[in-house]
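Peer 1: Attaching a predicted model along with its sequence, questions to come.
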Amino acid sequence: MLASAEPPRLHTSAKAAALIDVESGRILYHVNGDIRMRIASLTKIMTAIVAIEHGTLSDKVKVSKRAFGKEGSSLYLKLGEEMSLQDMLYGMMLQSGNDAATAVAEHVGGSEEGFVLMMNRKAELLGLEQTHFKNPHGLDEDDHYSTANDLAKLTAYALKNPVFRSIVKTEVKTAPNPNDSWDYKWRNKNKMLHMYEGADGVKTGYTKKALRCLVSSATRGGQQLAAVTLNDGDDWNDHRKMLDYGFEHFPLKDVVRKGQDIENYSYQVGQTFAYPFAEGEEERIRTKLVLAPSKSLDYRLGYRGKIVIALGGNEIGSVPVYEKDSPVMKQQRAYTVAAKGAPNPYPKPAAITNWREAFLAAVRSLLTPGNANGR
């Protein structure tokens, strides 16, 4: 949802720009945000997240003839050289290696063309309606494009992946070199990492047709923002201005908190919901409890419905609501205890991001021997 308040105007040198709050996905600012443009190596944001989600990081990736000597920025990999997928991704994102991007695509997708299909499918799933890929590296090609707003949404999605997040904030990375006695050493081309307090990503890009492109991110006070500029001759300064603008005028605030009691019910909120508010917007928030059908399996396990959250009459999100003593709430309390160093009797899944995942995790915990009675 686009910001509706009227903070001070922001000016950049970019032909297109966008600023997003990573947690909520709210676009805080944009100019020409939906115009299709060339995106150069910002393409590799999609390449990286698709490879992370579909590949095995410990796999050995072999450099093919097609990847070897790929034009543009390069890691200078040798023909037939093998490197772990994880190291390839570091080289691709820090040094923007087009040879690494091609090798990664061929390994994960079976072919470069097969991988590009995966990239476009992911774009569809993420609702990036003005995005289309023709290659995994970003060299100029007709029908290869995205927009500032789409790239902001893609970046917000990718930054929620811990592997991606770790890679893009790395300033220097070394990797074994099978061809020489010295290791590879890659320095991140993203100057924002040492120019801006709290900077933690993401990717630079340049071609003769796309010109300077940049996606940066930064975290301050628990809030992470991502900025996008396309065709911007003053991108480093513009990104500092954009990030400052977002942190100052759209601070992230909790609307409801996990474990919060629901008035007049023996229910609790299942997860925290935070949102970046412009001045005066928080007072316009309205919440509504929507109860769940009482005959569902979800209900039997403690799910009682959801709180729908609206700003100015427009829904901006919802959070699940559970019975206080439901398996899900007990499990979440156990996670809190375990985080403080006490034993956790419940097996924790990789991540619980919505009520259905929490519900399934609770079912698994009930079916685990020794957990049925909370032991």
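Peer 2: Ah, there it is.
Peer 1: hang on, Phe164 in a helix?
Peer 2: Yes. Assessed with DSSP: H, G, I helix; E, B strand; the rest coil, Phe164 lies in a helix.
Peer 1: Identify the bridge partners of Cys213.
Peer 2: Gly205, Leu230 (DSSP bridges).
Peer 1: For it, the count of nearby residues, please.
Peer 2: When neighbours are defined as other C-beta atoms under 10 Å, Cys213 has 29 of them. All C-beta spots, glycine's among them, are computed from the backbone N, C-alpha and C.
Peer 1: That one: what's it in contact with?
Peer 2: Ile39, Ala40, Ser41, Leu42, Thr204, Gly205, Tyr206, Thr229, Leu230, Asn231, Asp232, Asp235 (C-beta atoms under 8 Å, 6 or more residues apart in numbering).
Peer 1: again, 7 Å this time
Peer 2: Ile39, Ala40, Leu42, Gly205, Tyr206, Thr229, Leu230 (C-beta atoms under 7 Å, 6 or more residues apart in numbering).
Peer 1: Let's see if you can find the most crowded of these.
Peer 2: Ile39 (31 neighbours).
Peer 1: got JSON lines for the contacts of Cys213, with pLDDT too?
Peer 2: Below are these laid out as JSON lines (pLDDT from 0 to 100):
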{"residue": "Ile39", "pLDDT": "98"}
{"residue": "Ala40", "pLDDT": "98"}
{"residue": "Leu42", "pLDDT": "98"}
{"residue": "Gly205", "pLDDT": "98"}
{"residue": "Tyr206", "pLDDT": "98"}
{"residue": "Thr229", "pLDDT": "98"}
{"residue": "Leu230", "pLDDT": "98"}
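Peer 1: Tell me the buried residues in the helix or strand Ala274 falls within?
Peer 2: For Ala274, the element it lies in under DSSP states H and E is strand 273-276. By neighbour count on 16 or more other C-beta atoms under 10 Å, the buried set for strand 273-276 is Phe273, Ala274, Tyr275, Pro276.
Peer 1: quick one: pLDDT of the residue nearest to Ser146 when sequence neighbours are not counted?
Peer 2: Of all residues beyond its chain neighbours, the one nearest Ser146 is Thr131 (4.1 Å), with distances taken as C-beta to C-beta, 6 or more residues apart in numbering. Per-residue confidence at Thr131 stands at 98 (pLDDT).
Peer 1: again, but for Pro178
Peer 2: 89.
Peer 1: Do I have it right that it meets Gly80?
Peer 2: No. Counting by C-beta atoms under 7 Å, Pro178 does not reach Gly80; the two are 9.8 Å apart.
Peer 1: helices or strands up against the strand holding Ala274?
Peer 2: With contacts taken as 3 or more C-beta pairs under 7 Å, 6 or more residues apart in numbering; DSSP states H and E, strand 273-276 sits against strand 252-256, strand 314-323.
Peer 1: Can you say which of the ones you listed is packed in most?
Peer 2: strand 314-323 (a mean of 19; mean count of other C-beta atoms under 10 Å).
Peer 1: Contacts only, for Tyr299.
Peer 2: Taking C-beta under 7 Å, 6+ apart, one finds Ala292, Pro293 in contact with Tyr299.
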